[in-house]
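Q: sequence and predicted structure below; questions after.
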Amino acid sequence: MALRESVKASDREGELDVVTGRRDGDAGVPHGAFLIDLANAVAGWHWDEAAALRQRGIDLIGPEATKDAILVAAGFNGITRVADAIGIRLDARTANASVGLRAKIGIDAFAPAEKWTA
Amino acid sequence: MTATALPVDRRTSAAHAATLEAIAAPGAWWNGPDRLAIVRAARTAPTCSYCADRDELSPAAIDGEHDNDGVLPPIAVEAIHAIRNDSGRLTRRWFDDVIDLGLLPEAYVEIVAITASSVIVDTFAQGVGLDMPELPEPVNGAPTLERSDDVEDAGAWLPLAREGRANILRSLALVPSALRLFFGTFGRSYYMAPDSRFALDRAQVELVAARVSAVNECFY
């Protein structure tokens, strides 16, 4: 859901390489590199790193925005688990619309055949 | 609370507290003490020695024991730890094994909702520099055995709601209270309501969301 919505919102397909970790950068988003570091720390439960980034975030984007970035990251740490644990598939319309993009950024590797094969 | 903890707005605090209160009450397929045990199992998962030592997710081949407090059946603990620690590696075969070993699909859905909701609450608390919240006292009462018939096979491991604009929003519909629990928690973290507001712009929110999805190797 997130990658798909990100593409819709930004129309910057090439910059999704940053999102998938294929290259460093800010993805064309203000303070994007910092937000990616914070997302990595929070999603990976690296709390010492998150503490340092929290302090940096206060100076860089302010405490409210830092808190909100953590709130979004926490939410997606939960919803990705729901998606994976229920074994849902992409909606047909989205799957058809994003075939090329998904191959390009390598996200299809997250869905091996055994994901749905009994 | 550490010296560098961030201030938390009242709406988020209230929403997350409401999540834990709801978990402490009887659910559809688990009672209050069991539902709190699911949260404790999710909290124990990161340091579970059995999870750390195994290379492959296969409940049918369990030859050890997950770290746990003995409240829940072993197959429930397997599900909780796998969802918490290894969600990107879950497969249809793993799911089928969990069900074959005795976990009802409805009970599994409730486990997914509670585990994922507690992941949100605990990740947020620790992320802003707070301790994980204390759990409320359990509320006595029997599970309702609620199950929706308004679901259909949509190619997922479990039936999804017949209606819905995205599969993720249909995903927990087999047990409506589980769906409400999870999205009541998640709702503070994304644009789920017309009045959703963040101190980040839309592109920044999407970037964080997308990066977390990538870190978790979530196909969806």
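A: Received the coordinates, thanks.

Q: all contacts plus neighbour counts: C-alpha atoms, from now on.
A: OK.

Q: surely A:Val72 and B:Leu207 touch.
A: No: using C-alpha atoms under 8 Å, A:Val72 is not in contact with B:Leu207; the gap is 9.8 Å.

Q: quick one, which of the two is more surrounded?
A: B:Leu207 (32 against 29; other C-alpha atoms under 10 Å in any protein chain shown).

Q: the helices in chain A, which residues?
A: Ranges of helices within chain A are A:2-10, A:16-19, A:32-43, A:47-60, A:63-86, A:92-97, A:99-105, based on DSSP state H.

Q: can you show me the CA trace of the host helix or strand of B:Arg40 as CSV?
A: Here B:Arg40, judged by DSSP states H and E, is contained in helix B:32-44. Taking C-alpha atoms only, helix B:32-44 is exported to CSV below (Å, rounded to 0.1, in the frame of the first residue of the first chain):
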residue,chain,number,x,y,z
GLY,B,32,-9.2,-10.9,28.4
PRO,B,33,-6.3,-12.7,30.2
ASP,B,34,-5.5,-14.6,26.9
ARG,B,35,-5.5,-11.4,24.9
LEU,B,36,-3.1,-9.7,27.3
ALA,B,37,-0.9,-12.8,27.1
ILE,B,38,-0.8,-12.3,23.3
VAL,B,39,0.6,-8.8,24.0
ARG,B,40,3.2,-10.2,26.4
ALA,B,41,4.1,-12.9,23.9
ALA,B,42,4.7,-10.3,21.3
ARG,B,43,6.9,-8.3,23.7
THR,B,44,8.9,-11.5,24.5
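
Q: tell me what that helix is packed against?
A: helix B:10-24, helix B:74-86, helix B:105-127 (3 or more C-alpha pairs under 8 Å, 6 or more residues apart in numbering or on different chains; DSSP states H and E).

Q: neighbours around B:Asp9, how many?
A: Neighbours of B:Asp9 using other C-alpha under 10 Å come to 11.

Q: phi first, then psi, for A:Ile61.
A: Phi and psi for A:Ile61, reported as degrees, to the nearest 10, are phi -130, psi 0.

Q: residues in contact with it?
A: By C-alpha atoms under 8 Å, 6 or more residues apart in numbering or on different chains, the contact list for A:Ile61 reads A:His31.

Q: out of the helices of chain A, deepest packed?
A: helix A:63-86 (a mean of 27; mean count of other C-alpha atoms under 10 Å in any protein chain shown).

Q: buried residues, the lowest-mean-pLDDT helix or strand in chain B. List them.
A: None of the helices or strands of chain B scores lower by mean pLDDT, DSSP states H and E than helix B:49-53, at a mean of 89. For helix B:49-53, a neighbour-count test (16 or more other C-alpha atoms under 10 Å in any protein chain shown) marks B:Cys51 as buried.

Q: and that helix, what does it pack against?
A: helix B:74-86.

Q: list the contacts of the helix it packs on.
A: Applying C-alpha under 8 Å, 6+ apart, the contact partners of helix B:74-86 are A:81, A:85, B:38, B:41-42, B:45-46, B:51, B:57, B:59, B:65-66, B:68, B:90, B:98, B:101-103, B:108, B:111-112, B:115-116, B:119.

Q: so A:Asn77 sits against B:Val119, correct?
A: Yes: between A:Asn77 and B:Val119 there is a contact under C-alpha under 8 Å: 6.9 Å.

Q: follow-up on the earlier one: buried among the contacts of helix B:74-86? Make that a ChimeraX selection.
A: Selecting only the buried entries of those in ChimeraX, with 16+ other C-alpha under 10 Å as the criterion:
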select /A:81,85 /B:38,41,42,45,51,57,59,66,68,90,98,103,108,111,112,115,116,119
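
Q: which SS state does the closest residue to B:Asp149 other than its chain neighbours fall under?
A: Of all residues beyond its chain neighbours, the one nearest B:Asp149 is B:Leu174 (7.3 Å), with distances taken as C-alpha to C-alpha, 6 or more residues apart in numbering or on different chains. Under DSSP: H, G, I helix; E, B strand; the rest coil, B:Leu174 falls in the coil class.

Q: count the residues that sit near B:Leu174.
A: 24.

Q: how close does A:Gly21 get to A:Ile36?
A: A:Gly21 sits 9 Å away from A:Ile36, going by C-alpha to C-alpha, to the nearest Å.

Q: next: B:Glu56.
A: 29 Å.

Q: same check on B:Val215?
A: Taking C-alpha to C-alpha, one finds B:Val215 at 10 Å from A:Ile36.

Q: and for B:Arg10?
A: From B:Arg10 to A:Ile36 the distance is 26 Å (C-alpha to C-alpha).

Q: what of B:Arg147?
A: 40 Å.

Q: and what of B:Asp34?
A: B:Asp34 sits at a distance of 36 Å from A:Ile36 (criterion: C-alpha to C-alpha).

Q: re earlier: OK, contacts around the residue nearest to B:Asp149?
A: B:106, B:109, B:147-151, B:158-161.

Q: give me the buried entries from these.
A: By neighbour count, with 16+ other C-alpha under 10 Å, the contacts of B:Leu174 hold B:106, B:109, B:151, B:158-161 as buried.

Q: which one of those is nearest to B:Pro136?
A: Distance to B:Pro136, by C-alpha to C-alpha, is smallest for B:Val109 among these, at 22.1 Å.
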